[in-house]
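In: sequence plus the predicted model coming up.
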Amino acid sequence: MAATRGEPETTEAVHEELGALRDSIDNIDAAVVHMLAERFKCTQRVGRLKAEHQLPPADPAREARQIARLRELAQDAKLDPAFAEKLLNFIIAEVIRHHEKIANSTRSSAGVPPGSGDPA
Ligand SMILES: O=C(O)C(=O)C[C@]1(C(=O)O)C=C[C@@H](O)C=C1
């Protein structure tokens, strides 16, 4: 028995609290997935708009503003701003990959050979 080895006993109350916290974690994870799905729906539309108007997939000035804003929000919410920045950069890198794919397929369906029009 754990108590005989000097370890604290895991009571029913502890299991109950752990279970309740895990229920909340599962709800939060579900909300994150749904919010990310909505964000990617928006960015897919941005990707199509950019491809149709030959705009570059990445906008570093916009990203700098987003990062500064998110770092402030994180600080206020007592979340590590460096973590918030890493997370946003991770998401944006995936969005840019999607934008590039959309641009390439828009170009090839318009009959433009791969590589043409890219900066030298
Ligand atoms: O706002 C844009 O221009 C986007 O393409 C969206 C987004 C983002 O995911 O927030 C992605 C790439 C850009 O570099 C900046 C922002």
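Out: Perfect, thanks for sending it. Computed from a predicted model, the values in this text were never measured in an experiment.
In: centre-most residue in the chain?
Out: Here the mean C-alpha position of the chain is nearest to the C-alpha of residue 91 (CA atoms, centre = their mean), at a distance of 3.5 Å.
In: just the element for that residue, please.
Out: Using DSSP states H and E, residue 91 sits in helix 81-109.
In: is the ligand within reach of that helix?
Out: Yes - Helix 81-109 lies within reach of the ligand by CB under 6 Å from any ligand atom, at 92, 95-96, 99. C-beta coordinates here come from the backbone N, C-alpha and C atoms, glycine included.
In: what residues does this structure put near the ligand?
Out: Residues of the chain lying close to the ligand by CB under 6 Å from any ligand atom are 43, 46, 58-59, 62-63, 66, 92, 95-96, 99.
In: who wins for neighbours among those residues?
Out: Among the residues of the chain next to the ligand, residue 99 has the most neighbours (other CB atoms under 10 Å), with 23 neighbours.
In: tell me the contacts of that residue?
Out: When contacts are counted by CB atoms under 8 Å, 6 or more residues apart in numbering, residue 99 touches 43, 46-47, 50-51, 57-58.
In: now it: how far from residue 46?
Out: 7 Å (CB to CB, to the nearest Å).
In: same question, residue 58
Out: Distance, residue 58 to residue 46, using CB to CB: 11 Å.
In: same question, residue 88
Out: Applying CB to CB, the value for residue 88 to residue 46 is 15 Å.
In: state the phi and psi torsions of residue 110.
Out: Dihedral pair for residue 110: phi -90, psi 0, per degrees, to the nearest 10.
In: that one: neighbouring residues, count only.
Out: Using other CB under 10 Å, residue 110 has 9 other residues around it.
In: repeat for residue 84
Out: Counted with other CB under 10 Å, residue 84 comes out at 19.
In: check contacts around it.
Out: By CB under 8 Å, 6+ apart, residue 84 lies in contact with 70-71, 73-74.
In: residue boundaries of the helices in the chain?
Out: Listed in chain order, the helices of the chain (DSSP state H) span 12-52, 60-76, 81-109.
In: buried sites along the last one?
Out: By neighbour count with 16 or more other CB atoms under 10 Å, helix 81-109 contains the buried residues 81, 84-85, 88, 92, 95-96, 99, 102-103, 106-107.
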